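> no sequence on hand, only this structure:
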C-alpha cells in the first residue's frame with residue numbers, strides 16, 4: 001500500500017508539473033468577449049502572461065511578446081512571478097518525494113528519515129497549490145469584475161480563458177498530492193509510536209507489580225514472626 005501511494009504521488013506530481021508549465025506558457029488567460037461591436041467584427045484576442053495573440057476574420061493568429069512587462073495590469077505581473085515560483089516548487093517537490101520513496105537510496109534504510117522527507121515533499125506540494133491557485137483566482141476575479149462593470153467599455157471587456165480552468169484543475173491535483181503524502185506520513189508516524197507505547201505500558205505494569213510485591217512482603221514476614 002505504501003509503495004502504491006508513493007507511485008500515485010509521483011504520477012500526480014508529474015501531471016501537476018506539466019499543468020503548471022502549460023498554464024504559465026499558454027497565452028489564453030484572458031480572451032476577448034464577443035459583445036457589442038466585437039460580435040460583428042469577429043475580432044479575437046488572447047492575452048497571456050508573456051504574449052498576446054490577435055486574429056481578425058480569416059487572418060491567421062498572430063502572437064507577439066509584450067514589449068514591456070510593466071504595461072501589464074498588477075494581477076498579470078503578480079501571476080508571472082507566482083507561476084514561476086510554482087514551477088520551481090513542483091520540481092523540488094518531485095525531487096524530494098523521489099528521495100523519500102521506499103525504493104530510493106537517498107536516505108539509506110532509515111524509515112524515519114524517509115517519512116520526514118515525504119512530509120517535506122507534501123508540504124512543498126501544498127505550497128505550490130497556493131502559489132498556483134492565487135494568481136489564477138486573482139485574474140479570474142478581475143476579469144469577472146470588469147465584465148460586469150458599467151465603467152469598462154465593451155472593447156476592453158474580457159472573458160475567462162482556458163488557461164484559468166487548467167490552472168484550477170492543476171491546483172486541485174497539487175492539493176490532492178500534498179494531502180496524500182501528509183496523511184501517509186501521519187499514519188506511519190502513529191505506527192512507529194505504537195511499539196514505544198506498548199513498551200512503556202509494559203514497563204509501568206511491571207513497576208506496579210513490583211511495588212505491590214514489595215508492599216506485601218514486610219506484612220507477611222511480620223505475621224510469620226508473630227505466629228512463631
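Arrived safely, thanks for sending. Being a predicted model, the structure only gives us computed values, none of them experimental. Residues are numbered from 1 along each chain as shown.
> beta partners of the closest residue to residue 63 other than its chain neighbours?
Leaving aside its chain neighbours, residue 63 sits nearest to residue 53 (4.1 Å; criterion: Cβ to Cβ, 6 or more residues apart in numbering). Heads up, the C-betas are built off the backbone N, CA and C, glycines and all. On the basis of DSSP bridges, residue 53 is bridged to residue 46, residue 63.
> tell me who's in contact with residue 53.
By Cβ atoms under 8 Å, 6 or more residues apart in numbering, residue 53 lies in contact with 27, 45-46, 61-64.
> separation between it and residue 117?
42 Å (Cβ to Cβ, to the nearest Å).
> residue 83 too?
From residue 83 to residue 117 the distance is 26 Å (Cβ to Cβ).
> sec struct for residue 49, please.
coil (DSSP: H, G, I helix; E, B strand; the rest coil).
> from what I see, it and residue 78 are in contact.
No - counting by Cβ atoms under 8 Å, residue 49 stays clear of residue 78, with 10.2 Å between them.
> what count of nearby residues applies to the residue nearest to residue 140 when sequence neighbours are not counted?
Nearest residue to residue 140, sequence neighbours excluded (Cβ to Cβ, 6+ apart): residue 164, at 5.2 Å. Burial of residue 164 is recorded as 22 neighbouring residues (other Cβ atoms under 10 Å).
> now do residue 164 against residue 29, distance only.
Taken as Cβ to Cβ, the span from residue 164 to residue 29 is 6 Å.
> show me where the chain dips below the pLDDT cut-off.
1-2, 35-42, 57-58, 104-105, 107-109, 188-228 (pLDDT under 70).
> so where do the helices sit in the chain?
Here the chain has its helices, by DSSP state H, at 2-25, 38-41, 74-100, 111-147, 162-227.
> want to try JSON lines for these, with distance to residue 156 as columns?
Output for these, formatted as JSON lines (distance: least, Cβ to Cβ, whole Å):
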{"stretch": "helix 2-25", "distance to residue 156": "24"}
{"stretch": "helix 38-41", "distance to residue 156": "10"}
{"stretch": "helix 74-100", "distance to residue 156": "14"}
{"stretch": "helix 111-147", "distance to residue 156": "7"}
{"stretch": "helix 162-227", "distance to residue 156": "18"}
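> between residue 49 and residue 78, who's got more neighbours?
The neighbour count for residue 49 versus residue 78, taken as other Cβ under 10 Å, is higher for residue 49 (23 against 15).
> can you tell me the closest non-neighbouring residue to the more buried one?
Closest to residue 49 by Cβ to Cβ, 6+ apart is residue 80, at 5.0 Å.
> cool, and residue 91?
Nearest non-adjacent residue to residue 91 (Cβ to Cβ, 6+ apart): residue 17, at 6.6 Å.
> can I assume the one you found is in contact with residue 97?
No - using Cβ under 8 Å, residue 17 makes no contact with residue 97, being 11.5 Å away.
> which ones are touching residue 97?
Counting by Cβ under 8 Å, 6+ apart, residue 97 makes contact with 6, 9-10, 13, 117-118, 121-122, 181.
> okay if I get the residues you listed as JSON lines plus distance to residue 155?
Supplementary listing: those in JSON lines, determined by distance: Cβ to Cβ, whole Å:
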{"residue": "6", "distance to residue 155": "52"}
{"residue": "9", "distance to residue 155": "46"}
{"residue": "10", "distance to residue 155": "47"}
{"residue": "13", "distance to residue 155": "42"}
{"residue": "117", "distance to residue 155": "53"}
{"residue": "118", "distance to residue 155": "51"}
{"residue": "121", "distance to residue 155": "47"}
{"residue": "122", "distance to residue 155": "46"}
{"residue": "181", "distance to residue 155": "47"}
